[in-house]
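A.B. asks: missing the sequence, but the structure's below:
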């Protein structure tokens, strides 16, 4: 520990009694050091005084809500695993996909080209959504689709979360196309233009969390994955 | 804190402090609450990884700090793109009561944002949140000497910026 560090450790009550007494004597004998101690004590007080009001302010309701609603996300993920283990008959999975398809269809009726199409029971990105998933980097948003996280799923496929208009979803590579794994309408008034958007809609957060294996890509990995054709 | 209360209750009790730390890390109240929310969600998802009997607060702070690092890059991009003029410091849901406190928080916060991230987190954890050096060293996975030297640099720079008053 340097002398400087020892001085501050003393201020912070981190020294053992013998060392502390030694430093206290030193500060008492040195006006310069005593002044510095005073200044730093005052700084600490100001820092706490500035930030403490945040800790004593009422917590916004939406954060308490997050605590409650994320409990449901866990249930959501658990329910998903339970479903998988029971291995539902194929028709049920088809019905679920269809429900998403119908949902998506009704969500964007006014668009000339729907962002998704159903093929062999799977939902694929088309039009501007497909283009954005193929070409857009999170660092360079353009158009009406915003890309959030890029990551791999448990099977090693590359997946990307996206937000378009008022909906957010996750799409993963499937035979050189983007298969939409799920899509949710954003709650009223919550545009999600932020990488943390997963924090906003518990359903969407649950989908991202239950799809992702490991950590999301950083900007370099995202770019490299694009260069490799999302393989 | 009563270790026997349900995990969610303990998290709820930590919320005010986690929010304060989020505000020290972020420069914008909206980001801070997004960060707090993301931390809650990650904590709930990772509930099984927390070992009862160990400190839940340190565990949550670590989650928040890691999430913040993960998103720091995109956040600074967004700020550069949308809010070069320090938007957000005046947002409606600002929790700071009183003009004077707001002025001082503003000044202190502005100074905090000038600190390199590595110094800022150590300053916030020790000087604002009141953790000990050893706790922070374990929380951040850093040698205690590194924590100590970052703290010295951070607080010295802060004092130079906000003055003595």
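C.D. replies: Alright, I've got the coordinates. A quick note: this is a predicted structure, and the numbers were derived from the prediction, not measured. Residues are numbered from 1 along each chain as shown, chains lettered A, B, ... in the order given.
A.B. asks: where's residue B:107, which helix or strand?
C.D. replies: helix B:99-114 (DSSP states H and E).
A.B. asks: which strands or helices does the helix or strand just after that helix pack on?
C.D. replies: Following helix B:99-114 in sequence order, the next helix or strand is helix B:117-123 (DSSP H and E). Judged by 3 or more Cβ pairs under 8 Å, 6 or more residues apart in numbering or on different chains; DSSP states H and E, helix B:117-123 is in contact with helix B:7-25, helix B:56-82, helix B:99-114, helix B:133-140, helix B:144-162. (Glycine included, C-beta is placed from N, CA and C.)
A.B. asks: other residues contacting helix B:117-123?
C.D. replies: Residues outside helix B:117-123 that contact it (Cβ atoms under 8 Å, 6 or more residues apart in numbering or on different chains) are A:47, B:24-25, B:65, B:68-69, B:72, B:112-113, B:115, B:136, B:140, B:147, B:150-151, B:153-155, B:157-158.
A.B. asks: drop anything exposed from these.
C.D. replies: Neighbour-count burial (16 or more other Cβ atoms under 10 Å in any protein chain shown) is assigned, among those, to A:47, B:24-25, B:65, B:68, B:112-113, B:115, B:136, B:140, B:147, B:150-151, B:153-155, B:157-158.
A.B. asks: coming back round to it: need the helices and strands packed on helix B:117-123 in a markdown table (columns: mean pLDDT and distance to residue A:8).
C.D. replies: As requested, the helices and strands packed on helix B:117-123 are exported to a markdown table (pLDDT from 0 to 100; distance: least, Cβ to Cβ, whole Å):
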| stretch | mean pLDDT | distance to residue A:8 |
| --- | --- | --- |
| helix B:7-25 | 92 | 19 |
| helix B:56-82 | 78 | 21 |
| helix B:99-114 | 74 | 18 |
| helix B:133-140 | 95 | 10 |
| helix B:144-162 | 95 | 5 |
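A.B. asks: element containing residue A:207?
C.D. replies: For residue A:207, the enclosing helix or strand under DSSP H and E is helix A:202-211.
A.B. asks: other SSEs contacting that helix?
C.D. replies: With contacts defined as 3+ Cβ pairs under 8 Å, 6+ apart, helix A:202-211 has these neighbours: helix A:61-86, strand A:145-153, strand A:158-164, strand A:167-174, strand A:177-185, helix B:29-45.
A.B. asks: and residue A:143, how many neighbours?
C.D. replies: The local packing of residue A:143 (other Cβ atoms under 10 Å in any protein chain shown) involves 12 other residues.
A.B. asks: my guess is it meets residue A:130, correct?
C.D. replies: No - counting by Cβ atoms under 8 Å, residue A:143 stays clear of residue A:130, with 11.8 Å between them.
A.B. asks: following the helix or strand of chain A with the lowest mean pLDDT, which helix or strand shows up next?
C.D. replies: Within chain A, no helix or strand scores below helix A:90-107, which has a mean of 47 by mean pLDDT, DSSP states H and E. Next in sequence after helix A:90-107, counting helices and strands by DSSP H and E, comes strand A:116-119.
A.B. asks: give me the sheet partners of that following strand and which way each runs.
C.D. replies: Looking at strand A:116-119 with DSSP bridges, its partner strands are strand A:122-125 (antiparallel).
A.B. asks: what about the most far-flung residue of chain A relative to its centre, distance to residue A:14?
C.D. replies: What lies farthest from the middle of chain A is residue A:29; by Cα atoms, centre = their mean that is 52.9 Å. Using Cβ to Cβ, to the nearest Å, we find residue A:29 at a distance of 21 Å from residue A:14.
A.B. asks: quick one, domains of chain A?
C.D. replies: Following automatic domain parsing, chain A resolves into domains at A:3-56, A:62-227.
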